[in-house]
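In: Build me a structure from this.
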Amino acid sequence: MNTPAHAIANLLILGRRERPETALPIVLGAILPDVPILLFYAWAKLARGLPESTIWTTAYYEPAWQNVIDGFHSLPLILLALLAAYLLKAPRATALFASMALHVPEDLLLHAEDAHRHLYPFSDWRFQSPLSYWNPAHHGRLLAPLEALYVLCAAVVLARRYRTPWVRALLAGVVLLYAGYLGYVLWVWV
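Out: Prediction:
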């Protein structure tokens, strides 16, 4: 699942109309596990000037980057933080870490060769799904449009759920990010 789709999915699953103050932490928690990947990409493309093929076949798999990326996708570390937030009675932090935790099973289902070590640092095991949200070799050409349809439908439901202008603005921003991502994927495929 791509990053903005995580935000929409998690807000749909975890968000509550009567708790609009948790909308932003849920969106941030959905996106936070992928922030190291975005920083990696900016570093590889802008600082090193690497071509796309090298970025995603070689540089992405460098151990230092994988440790940082997988640390942000580590279910044990996220659950520990979630427990601490819950015990400290911090609802926004609890929403953030709950959203990060929900990011993990979403990734398990839709990452093939690019699977994360979700039990890091305790295990190097990776579940490689037969499905990929982007890779045509793993049904990405079918799943990408299905994900887009899901995001569109979920965004409509969320726009009806939340009447608060700032939450709707947040939702619109996420949908625009998703549209940009989808345009990029279509450009790469063509």
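In: so where's the chain uncertain?
Out: 185-186, 188-190 (pLDDT under 70).
In: So which residues of it form helices?
Out: For the chain, the helices defined by DSSP state H occupy 3-14, 23-31, 35-42, 52-57, 63-72, 75-87, 91-110, 140-161, 165-189.
In: residues making contact with the last one?
Out: Read that as helix 165-189. The contact list for helix 165-189 (C-beta atoms under 8 Å, 6 or more residues apart in numbering) reads 2-5, 7-8, 11, 20, 23-24, 27, 52, 134, 136, 141, 144, 148, 151, 155, 158-159, 162. All C-beta atoms are positioned from the backbone trio N, CA, C, and that covers glycine.
In: Buried residues in that helix, which are they?
Out: 167, 170, 171, 174, 175, 177, 178, 181, 182, 185 (16 or more other C-beta atoms under 10 Å).
In: Out of these, which is nearest to residue 113?
Out: When the buried residues of helix 165-189 are compared for distance to residue 113 (C-beta to C-beta), residue 185 wins out at 16.7 Å.
In: Just send the helices of the chain back as JSON lines, with distance to residue 118 too.
Out: Converted to JSON lines, the helices of the chain look like this (distance: least, C-beta to C-beta, whole Å):
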{"stretch": "helix 3-14", "distance to residue 118": "14"}
{"stretch": "helix 23-31", "distance to residue 118": "16"}
{"stretch": "helix 35-42", "distance to residue 118": "14"}
{"stretch": "helix 52-57", "distance to residue 118": "20"}
{"stretch": "helix 63-72", "distance to residue 118": "8"}
{"stretch": "helix 75-87", "distance to residue 118": "5"}
{"stretch": "helix 91-110", "distance to residue 118": "5"}
{"stretch": "helix 140-161", "distance to residue 118": "20"}
{"stretch": "helix 165-189", "distance to residue 118": "23"}
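In: Nearest to residue 122 among those helices would be which one?
Out: Proximity to residue 122 (C-beta to C-beta) singles out helix 75-87 among those, at 6.0 Å.
In: Dump the closest one to PDB, restricted to CA.
Out: Extracted C-alpha coordinates of helix 75-87, given in PDB (Å, rounded to 0.1, in the frame of the first residue of the first chain):
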ATOM      1  CA  LEU A  75       5.800  -4.200  15.200                       C
ATOM      2  CA  PRO A  76       7.500  -5.000  18.500                       C
ATOM      3  CA  LEU A  77       8.800  -1.400  18.800                       C
ATOM      4  CA  ILE A  78       5.600   0.200  17.700                       C
ATOM      5  CA  LEU A  79       3.500  -2.000  20.100                       C
ATOM      6  CA  LEU A  80       5.900  -1.000  23.000                       C
ATOM      7  CA  ALA A  81       5.400   2.700  22.200                       C
ATOM      8  CA  LEU A  82       1.600   2.100  21.900                       C
ATOM      9  CA  LEU A  83       1.500   0.500  25.300                       C
ATOM     10  CA  ALA A  84       3.400   3.400  26.800                       C
ATOM     11  CA  ALA A  85       1.100   5.900  25.200                       C
ATOM     12  CA  TYR A  86      -1.900   4.000  26.500                       C
ATOM     13  CA  LEU A  87      -0.600   3.700  30.000                       C
END
